[in-house]
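Predicted model, plus sequence, below.
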Amino acid sequence: MASLKDRVALVTGVASGIGRESALLFAQEGASVLCVDIDMAGAEKTAHEIAGAGGKAAAQRADVAVASDCEQMVAAAERRFGKLNVMFNNAGIMHSDDGTSEDTSEATWDLTMNVNLKGVFFGCKYGIPALRRAGGGSIINTASFVAHLGAATPQVAYTASKGGVLALTRELAVIHARENIRVNALCPGPLRTELLMKFLDTEQKRQRRLVHIPMGRFGEAKEIAQAALFLASDASSYMTGSEFLVDGGITAAYVTPE
């Protein structure tokens, strides 16, 4: 059974999507949750929802692309709840101007890398010492199925950033495996979240993505939260350095079923 009783979890990107659903689920399963987002109002809303359901949560504003913000959010988790056991580096962006190598600007590339890859690096840089102080724990880094497949709709900066998350996850998993610190990458498939629906902003774009998914539908953030709970808990105690694909079968598909 996946339980987070007496654990402390820090989740980034909690204002919506995977982060929000994971924070709610982690709290439901017994964790005290530091809810982090660049959108403080969104972080507070999620924290208040947890508290309203009888859980323990606090909100913290942080831009994960800024080292000092990441250092402070980890310190806030330890200060508020006494320790840190689970670090979920989930915050990310998918820029609407992200396209091919020819039409993606340097600014869009840099912003995407700063949030999606450097943000995970900073989360690990400051989170790992806190997990060590707690005697070990679990780090979950949100990657994507596009780190395994080229996307039907071009998004080179996003795809490259998520590939970097996989490589970073593997290396950190090996470095820290004997410290009781597990590091895994969560690779969602296409989800019906605000992040993706803003990118797939026409029915043609949505259908172009859907046709490749054997299950024939977009996933839901709640389904990915269940996978995050598994990686956060002792149910996955022998997993580290893994790439956990939860993708409706898209990476397994060669041809689309009729």
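Arrived safely.

Reduced to three states, what does residue 42 come out as?
helix (DSSP: H, G, I helix; E, B strand; the rest coil).

Per-residue pLDDT of it, please?
Note for residue 42: predicted pLDDT of 98.

That one contacts residue 16, correct?
Yes - in terms of Cβ atoms under 8 Å, residue 42 counts as a neighbour of residue 16; the distance is 6.7 Å. All C-beta atoms are positioned from the backbone trio N, CA, C, and that covers glycine.

Low-confidence ranges, the chain, go.
Applying pLDDT under 70 to the chain picks out residues 1, 152, 199, 255-258.

Break down it into its strands, ranges please.
Assigned strands in the chain, in chain order: 8-12, 32-37, 56-61, 86-89, 137-142, 181-188, 243-246 (criterion: DSSP state E).

I'd like those laid out as CSV, including distance to residue 96 and mean neighbour count.
Output for those, formatted as CSV (distance: least, Cβ to Cβ, whole Å; neighbours: other Cβ atoms under 10 Å):
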stretch, distance to residue 96, mean neighbour count
strand 8-12, 21, 30
strand 32-37, 20, 30
strand 56-61, 24, 21
strand 86-89, 23, 30
strand 137-142, 19, 26
strand 181-188, 19, 26
strand 243-246, 25, 19
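
Distance to residue 70 added to the ones you listed, as TSV?
Below are those laid out as TSV (distance: least, Cβ to Cβ, whole Å):
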stretch	distance to residue 70
strand 8-12	9
strand 32-37	9
strand 56-61	11
strand 86-89	9
strand 137-142	13
strand 181-188	16
strand 243-246	23
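
spatially speaking, which residue is in the middle of the protein?
The centroid of the chain falls nearest to residue 90 when counting by Cα atoms, centre = their mean (2.4 Å).

can you pull the contacts of it?
Shown in contact with residue 90 (Cβ atoms under 8 Å, 6 or more residues apart in numbering): 11-14, 18-19, 22, 140, 142, 228.

how does it look with 10 Å?
Residue 90 is in contact with 10-14, 17-20, 22-23, 36-37, 64, 119-120, 123, 140-142, 186, 224-225, 228, counting by Cβ atoms under 10 Å, 6 or more residues apart in numbering.

Much appreciated, bye for now.
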